[in-house]
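In: Here you go, sequence then predicted model.
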Amino acid sequence: MTLTIEARGLTKRYGDVVALNGIDLAVEEGTVLGLLGPNGAGKTTVVSILTTLIEPDEGTATVAGVDVLTSPGDVRRRIGLSGQYAAVDEHLTGFENLDMIGRLYRMGRRRSRDRARDLLDRFSLADAADRPVRTYSGGMRRRLDLAGALVAEPQVLFLDEPTTGLDPRSRVGLWSAIEELVARGTTVLLTTQYMEEADHLADDIVVIDHGGQIARGTADDLKATVGGGRIEVTVPSEALAVDAARVLDTLSAGDVHIEGRSVTAPISGGADALGEALVALKEAEIDLQDVGFRRPTLDDVFLSLTGHTSDPTNDTTIEDRPARMVEGVR
Amino acid sequence: MEEVLYAVGDGIAVAKRNVIKIRRVPGILVSVLISPILMVLLFAYVFGSSIDIPGGTYREFLISGIFAMTVTFGATFTGAGLADDMQKGIIDRFRSLPMSRSAVVFGRTASDVVYNVASLAIMAATGLAVGWRIHDGIGPALAGFGLLLVFSYALSWVMAYVALLVPSVEVIGNVSFMVIFPLTFIANTFVPAANLPTPLRIFAEWNPVSAVTQAVRELFGNIPPGTPEPGVWPLQNAAIYTLAWAAIIIAVFAPLAVRRYTRVGVRK
C-alpha cells in the first residue's frame, strides 16, 4: 500500500490559539479521506498546510511522496485545491478562468485551451463557457472551481468543504463528479461538516474538533461505536419527554438525548428492541405522537464523541439543558 | 534562465486577467475613461481660464501637471486591485499553483501600465481637444509619455507593498488621499514652484512629482518662453532625477512586495 498523504504531529498556533494540536493522517493511494468536524475545528488549517499555503509550527507531511516543507513547489505541481470559497474570478468567463490556470500550470497555450474546453464539457458548463462567472449560479461556480483544481490532472485533490452552501441538487451533482474522479484513481482529501457527505464519499474518516483528532475509522466503524440503531420518539410535552427518556434509558445501549419534545435513544437488537421499547412506553402511559427507528448517522457519532452536534446552527447539547433534565435521565 | 522565462510567462497570464477586468468591471472602466477626461476639462477650464502665465498659455503649462497627477494617482489602482485580490478566494488558488511566487505582484504592476497607457491616451486626446499642443516633435513627446509610465510603474510597487501589508481597499483609498494628494499638489504641477512659500517651495523643488512634470513639460515643449531656468539640481536635470527615483523605488519596493506576498498568510 502506498500512502499518498502522510502527516505526523501537525501543529499550528495563532498566538495563544491552538488551531491544530498534533494531527496525524495517512491516506492510501486512490482512496478518499473525509476530514470531519464543525466550523473552527481546524479542517481548513490542515488543508492549508498540506497544500503549502501555510507552514505548520510542528510536524511533518508528505503529499505524493514529496515533503511539503522542503519542496513546496514540487507538491504544488502534483495537487489540485478546491477551496471553501470558490476560487474563481467573477469577471472572467469560465473558459478564461480555466485557461489562465492552465497557463499558470505552464501547460502552454494549446494544451491550456483544449483542457479548459474539455473540463467545461465534462462539468456541463459548455453553454456558459463564455459568460462571466458573475452570472453563474452557486452550483456552477463550485463546479468551475472543482474543474480549476483538475486542470493539471493532479494525483491528489484537496476539497475544502466543496458543497457548503449548495442546494441539495447541486450537492448531489458535485458528489457524482467527485466519485467519478476517485474511480479514475485520484486520491482525495475532503473536509466537510456534513456527516452525510463524509458517509457518502469517504473511505476513511477522521473526526477532528478543537484542533485535535477525536476519532478515526470507516463510516461503519464509527457508527458501530455508537451502537446499532436509534429509536426516536416525540411526545406531547417536554415534561413527558423526561419521563420517556427515563423509560428508554433502562433499555438503551448508550446515552439518551432529549431535544425539546423528542427523545433519541441508541438501542441494540433491531426491531425486537423497538417493540420492547414501545411496550415499555405504553406501560408507562406515555402518549407518542411520532415514533421512528433509524440506523445511526455520523451525526450520532459526532454527538456521542463531542457532546454537541456537527451543525453549529443546531448546537443543542445535553449539557445546555437544565441540569434537572439531565439528572432526570440518570 | 528557464525559470525566469517561466516567471515572465506567469506574470503575463496574471496581467492578462487583470487587463480583461479593466474592460469588464464597470467601476474600473469609469475611472480609466471618464476621470482623465474630467481632470483635463476641470483643470483646463476652471484654473486655465483664470490664471495667466507670462509668455504662454496656462492651459499648456497645466496639462503636464495633470498627466503627472493622474498617473501618480494611478498607483492607487494597483493597491486597490491587489488588496481586493488578497481578500478573495482567487489568491488561495494562485498560492496553491506551481507558478512563480512573484507573478501575482509582477502581473499586477504590469497590467497597471496598460491602465496608465489608456489613461494617458485619453487625457492626451482630451488635451488636444482643448488646445494643448506638442511643440518639439513626436519623438520627445513619446519620451515624455514613456517617462510618465516609468514613474507610475515605480509608484505601483509602493502601493503594491502597502496593499500586501494592509489588504484593505478602504485603507488604500485613505493612504492615497493622505499621501498622494499632498505629493501631487505641493509641486510644480499647477503653479510654478518658485511662487510657493519657502518651506513648500523646497519640498516642491525636491519632490519627484515636480521633476517628472518639469521633464515632461520640457519634452512637450510646454515651457513658456522667457521662463527663468529652475534654480535647483532636481529640476535642472528633471528626467535623470525622475529616473533615479523610479530606479530606487523599484529596487527597494519590488523585493519587499514579492517577499511580503510569499509570506503573507492565507485568509482565515
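Out: In hand now; what should we look at? If you're wondering where the values come from, they're calculated on a predicted model, not measured in any experiment.

In: Ramachandran angles for the residue positioned nearest the centre of chain A?
Out: Nearest to the geometric centre of chain A sits A:Thr192, at 2.3 Å (Cα atoms, centre = their mean). Note on A:Thr192: backbone dihedrals following degrees, to the nearest 10 are phi -160, psi 160.

In: tell me the pLDDT at it?
Out: pLDDT, A:Thr192: 90.

In: Next: the one 10 residues further on.
Out: Note on A:Ala202: pLDDT of 94.

In: wouldn't it be in contact with A:Val32 here?
Out: Yes. Contact criterion Cβ atoms under 8 Å: A:Ala202 and A:Val32 qualify, at 4.9 Å. All C-beta atoms are positioned from the backbone trio N, CA, C, and that covers glycine.

In: Check the contact between the residue nearest to the centre of chain A and A:Val32; I expect there is one.
Out: No. Contact between A:Thr192 and A:Val32 fails when scored by Cβ under 8 Å: they sit 10.9 Å apart.

In: What strand or helix carries A:Leu25?
Out: strand A:17-28 (DSSP states H and E).

In: Give the rounded mean pLDDT of that strand.
Out: Here the average pLDDT along strand A:17-28 is 92.

In: Parallel or antiparallel, which strands does it pair with?
Out: Partner strands and pairing direction for strand A:17-28 (DSSP bridges) are strand A:3-14 (antiparallel).

In: what comes up buried for the partner strand?
Out: When neighbours are counted by 16 or more other Cβ atoms under 10 Å in any protein chain shown, the buried residues of strand A:3-14 are found to be A:Leu3, A:Thr4, A:Ile5, A:Glu6, A:Ala7, A:Leu10, A:Thr11, A:Lys12.

In: For it, the averaged confidence score.
Out: Mean predicted confidence for strand A:3-14 is 93.

In: what sits up against that strand?
Out: For strand A:3-14, contacts defined as Cβ atoms under 8 Å, 6 or more residues apart in numbering or on different chains pick out A:18-30, A:33, A:42, A:45-46, A:49-50, A:54, A:56-65, A:155-156, A:187, A:189, A:211, B:268.

In: are any of those residues buried, and which?
Out: In the contacts of strand A:3-14, the ones that pass as buried (16+ other Cβ under 10 Å) are A:18-21, A:23, A:25, A:27-28, A:30, A:33, A:42, A:45-46, A:49-50, A:54, A:56, A:59, A:61-64, A:155-156, A:187, A:189, A:211.

In: Give me the subset of those lying in strands.
Out: Counting by DSSP state E, the buried ones among the contacts of strand A:3-14 place A:18-21, A:23, A:25, A:27-28, A:33, A:59, A:61-63, A:156, A:187, A:189 in strands.

In: What segments of the stretch 101-250 of chain B are helices?
Out: B:103-129, B:138-165, B:169-175, B:181-185, B:198-206, B:208-220, B:233-236, B:238-263 (DSSP state H, counting those that start in this stretch).

In: Can you spell out which helices and strands pack onto the fourth one?
Out: Other helices and strands packing on helix B:181-185, by 3 or more Cβ pairs under 8 Å, 6 or more residues apart in numbering or on different chains; DSSP states H and E, are helix B:58-87.

In: how about a cut-off of 10 Å?
Out: helix B:58-87, helix B:198-206, helix B:208-220 (3 or more Cβ pairs under 10 Å, 6 or more residues apart in numbering or on different chains; DSSP states H and E).
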